[in-house]
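Visitor: need a structure here:
(2 chains)
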Amino acid sequence: MISLIFSRVLQSFVVMLGVAIIAFSLFTYVGDPISNLVGIQTSAEKRAQLRESLGLNDPVPVQFVHFIDRVLHLEFGISYQQKRKVSTIIAERLPATLELSFVSALLALFIGIPMGVYTALHRESWLSHIMLSASLVGVSLPTFLIGILLIFVFAVNLHWLPSFGRGQVVQIGFWSTGLLTASGLKALIMPAITLALFQMTLIMRLVRAEMLEVLRSDYIKFARARGLSDRMVNFGYALMNTLVPVITITGLQLGSIIAFAIITETVFQWPGLGLMFVQAINEVDIPVMSTYLMLIALFFVIINLVVDLLYYLVDPRLRVKGGR
Amino acid sequence: MSDTPLQNRATTEAGPLRRLWDNDLAYSFRRSKVTMLAGLITLIYVLAAIFAPWVAPHDPYDLAHTSVLDAFLPPAWLEGGDPRYLLGTDNVGRGVLSTIIYGSRISLGVGLAAVFISATLGVTLGLVSGYIGGRTDAVIMRIAEVQLSFPDILIALLIDGIIRSFLGPGVHEHIAFVVVITAISLAYWVQYARTVRSTTMVEKGKEYVQAARVAGKSPAYIMLRHLLPNVMGPVLVIATISLALAIITEATLSFLGVGVPPTQPSLGTLIRVGNDFLFSGEWWITMFPGAALAIMGLSVNLLGDWLRDALNPKLR
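Guide: The predicted structure follows:
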């Protein structure tokens, strides 16, 4: 058990080291960091001086250690394009992405679960068939197409909702929120639905499959035999027992939501981290790019680590199997 | 099978086409109307892609035959439409139908290339991993595991971004194709490798492999001649399913502006370019390529699902 946890943590560490090496080589080998910092008029001596003072003449391993040191102190350098600190840009953009992802996850859960329950309880109804076919189409359509379609219908033709941006935001400390203004909420609707759709269909199918499985089991039959109401059996017993895997999968999907936010943010010009990353690739803004790279890798590594460790804690069978 | 001479003659007389029609795979194909429709649509796409110069009403990239005067024409059935351009024209006067046909060609081409490379890479690593085992296996499988914990499209986007940055700004046009194909290939090799590895581990214990080894054949020879044919079934299934994924991934990358260059647009690039005109009312420039992409993705997806169910239900 202990050795297993240790090896999982070690693996995460190796992954982060690999990502850090990629980020570092982007910094070191792409373009000239000096010419990205200074103007054309700067003399060669000045440049050489700057090069020396920034430690760019040190051996590569030494530079790497300095790089790691800076990263651990949350110093990610200065954006080539915006000439501002990357950490400031990230802090500005993080609330937008987190709010979008959070609302999408909630939408996916609170629409996906009832849809799953409905399709499991009323298997032959026409509404279930419609939901299932729609989910199949939803899974095969690319995210950005769904976004464009929504914009076309609700922004271009009906003029109901804004097609880009976050609307009006309110600053609470360092956090800018769009959840407190009417225009902010209106702007959130379409991006959140676009981002939630895929997870929603996934959760719906998962809940449906689990419910069908549970409804066949003996304790449900027994509960019915005891004369409990349909509502009690369906929701008190069956649904409660399907929720454990649903929560696990949703936790794992949290990473996917953040990843797919890149596409949704580009479609709706949502000023979050994903849009920042796509712009950074197009403008070859290395500091921004490599910081996003490390950030998202860290995020995924932590999610996977936590889920894995939770499994080991919750499921004793894994402990026996892994404890060889 | 009872081999009475009469039956034997019947099958030979029926010819290979007839036998193909009667086998299990074709039977399950004929039984599902949806699959037949998907197959038909895919066939139309493939033919249109191959014969694009002859099928397309205009050559959209021939500057002599495109005129800015024809720009922003609506589809032919709307007011102001021109019967020469069935689906209207884009911002520089190219027929949307023609750009879609040429775009499908590029989308399919990039998708097929990416699937071929990722399959080759995945099968090779899977064979090596399963046959040699030990530390090589451990390293390859750890990498696969790590990659599996990230969404495919994110991996493709990250790899694409990293390669682009290393190449510097203004990536050259034909290099851009190489970059996209590489990024998608590297994002989708894992499933092949894992499937091939597990099959290889089962197969390598069997007598025919041991016999080959005793006969003094080299590991490379055994892997290529004896193991490879036995792992090809599932590989084909995965390849068909991931073709749809590869097409959609390419479209997404191109939509984000980090895919194929605008001078040789795929469906994704067309949607990206057309998206700018959505608000000024020229919806056809982006909607028709969008519909073309959706139908292509859905058809290939359905074909892949059918093939999986028909050949290897275990992969479900």
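Visitor: Buried residues in whichever strand or helix holds B:Gly130, which are they?
Guide: Secondary structure assignment for B:Gly130, by DSSP states H and E: helix B:96-132. For helix B:96-132, the neighbour count (16 or more other C-beta atoms under 10 Å in any protein chain shown) marks B:96-115, B:117-119, B:121-131 as buried. From N, CA and C alone the C-beta is placed, and that goes for glycine too.
Visitor: got it, and stretch A:258-275?
Guide: So stretch A:258-275, judged by 16+ other C-beta under 10 Å, has buried residues A:258-268, A:270-275.
Visitor: Kindly report the same for stretch A:67-76.
Guide: So stretch A:67-76, judged by 16+ other C-beta under 10 Å, has buried residues A:Phe67, A:Val71, A:Phe76.
Visitor: Alongside chain A, which residues does chain B contribute?
Guide: Counting by C-beta under 8 Å from any C-beta of the partner chain, the residues of chain B close to chain A are B:142, B:146, B:149-151, B:153-154, B:157-158, B:160-162, B:164-166, B:168-169, B:244, B:248, B:251-252, B:255-258, B:271, B:275, B:278-279, B:281, B:283, B:286-287, B:290, B:293-294, B:297-298, B:301.
Visitor: Check what pLDDT B:Asp3 gets.
Guide: The model reports B:Asp3 with a pLDDT of 44.
Visitor: cool, B:Val68 as well?
Guide: Reported pLDDT for B:Val68: 68.
Visitor: burial count for A:Asn183?
Guide: Slight slip there: residue A:183 is Ser, not Asn. Using other C-beta atoms under 10 Å in any protein chain shown, A:Ser183 has 14 neighbouring residues.
Visitor: Name the nearest residue to it, ignoring sequence neighbours.
Guide: A:Gly167 (3.5 Å; C-beta to C-beta, 6 or more residues apart in numbering or on different chains).
Visitor: Can you say which of the residues of chain B next to chain A are buried?
Guide: Buried among those by 16+ other C-beta under 10 Å: B:146, B:149-151, B:153-154, B:157-158, B:160-162, B:164-165, B:244, B:248, B:251-252, B:255-256, B:258, B:271, B:275, B:278, B:283, B:286-287, B:290, B:293-294, B:297-298, B:301.
Visitor: remind me which residues of chain B are low pLDDT?
Guide: Within chain B, the stretches with pLDDT under 70 are B:1-24, B:63-69, B:71, B:76, B:81, B:168-171, B:312-316.
Visitor: ok, which stretches of it are helices?
Guide: Ranges of helices in chain B, per DSSP state H, are B:5-22, B:24-31, B:33-50, B:52-55, B:96-132, B:134-148, B:152-167, B:173-187, B:189-203, B:207-214, B:219-221, B:228-255, B:267-275, B:284-311.
Visitor: Would you tell me which one of the ones you listed is buried the most?
Guide: helix B:267-275 (a mean of 26; mean count of other C-beta atoms under 10 Å in any protein chain shown).
Visitor: List the contacts of B:Ile153.
Guide: Taking C-beta atoms under 8 Å, 6 or more residues apart in numbering or on different chains, we find B:Ile153 in contact with A:Ala259, A:Phe260, A:Ile263, B:Ala187, B:Thr249, B:Thr252.
Visitor: which one of these is nearest A:Val214?
Guide: A:Val214 lies nearest to A:Phe260 out of the contacts of B:Ile153, by C-beta to C-beta, at 29.7 Å.
Visitor: List the contacts of the closest one.
Guide: A:Thr143, A:Leu195, A:Phe198, B:Pro151, B:Ile153.
Visitor: Serialize the residues you listed to TSV and add fields for distance to B:Ala183.
Guide: Listed next are the contacts of A:Phe260 as TSV, based on distance: C-beta to C-beta, whole Å:
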residue	distance to B:Ala183
A:Thr143	18
A:Leu195	23
A:Phe198	21
B:Pro151	14
B:Ile153	10
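Visitor: closest to A:Ser217 among these?
Guide: Among the contacts of A:Phe260, A:Phe198 lies closest to A:Ser217 (C-beta to C-beta), at 29.8 Å.
Visitor: Quick check: phi and psi on the closest one?
Guide: Dihedral angles phi and psi of A:Phe198 (degrees, to the nearest 10) take the values phi -60, psi -50.
Visitor: isn't it right up against A:Leu141?
Guide: No. A:Phe198 is beyond contact range of A:Leu141, at 9.1 Å (criterion: C-beta atoms under 8 Å).
Visitor: Tell me which of the two has more neighbours.
Guide: Shown here are A:Phe198 and A:Leu141; by other C-beta under 10 Å, A:Phe198 has more neighbours (22 against 19).
Visitor: wait, what's in contact with the more buried one?
Guide: Counting by C-beta under 8 Å, 6+ apart, A:Phe198 has contacts A:Gly138, A:Val139, A:Thr143, A:Ser256, A:Phe260.
Visitor: Could you rerun that using 7 Å?
Guide: A:Gly138, A:Val139, A:Thr143, A:Phe260 (C-beta atoms under 7 Å, 6 or more residues apart in numbering or on different chains).
Visitor: mind checking how far A:Val62 is from A:Ala196?
Guide: Distance from A:Val62 to A:Ala196, counting by C-beta to C-beta, to the nearest Å: 47 Å.
Visitor: So between these two, which is more surrounded?
Guide: A:Ala196 (26 against 11).
Visitor: what's the average pLDDT for the strand or helix carrying that one?
Guide: For A:Ala196, the host element (DSSP H and E) is helix A:182-215. Average pLDDT, helix A:182-215: 86.
Visitor: helix or strand right after it?
Guide: helix A:218-225.
Visitor: Identify all contacting residues around that following helix.
Guide: By C-beta under 7 Å, 6+ apart, helix A:218-225 touches A:Val214, A:Val233, A:Tyr237, A:Ala238.
Visitor: now do stretch B:224-243
Guide: With contact meaning C-beta under 7 Å, 6+ apart, stretch B:224-243 is reached by B:111-112, B:115, B:119, B:123, B:127, B:131, B:188, B:191-192, B:195-196, B:199-200, B:203-204, B:208-209, B:212, B:300, B:303-304, B:307-308, B:311-312, B:315.
Visitor: my read: A:Val19 touches A:Leu293, true?
Guide: Yes. Here A:Val19 reaches A:Leu293: they are 6.2 Å apart, a contact under C-beta atoms under 7 Å.
Visitor: how about the helices in chain A?
Guide: Taking DSSP H as the test, the helices found in chain A are A:2-29, A:33-37, A:44-53, A:60-72, A:86-121, A:126-140, A:143-150, A:182-215, A:218-225, A:230-231, A:240-268, A:273-283, A:286-314, A:316-322.
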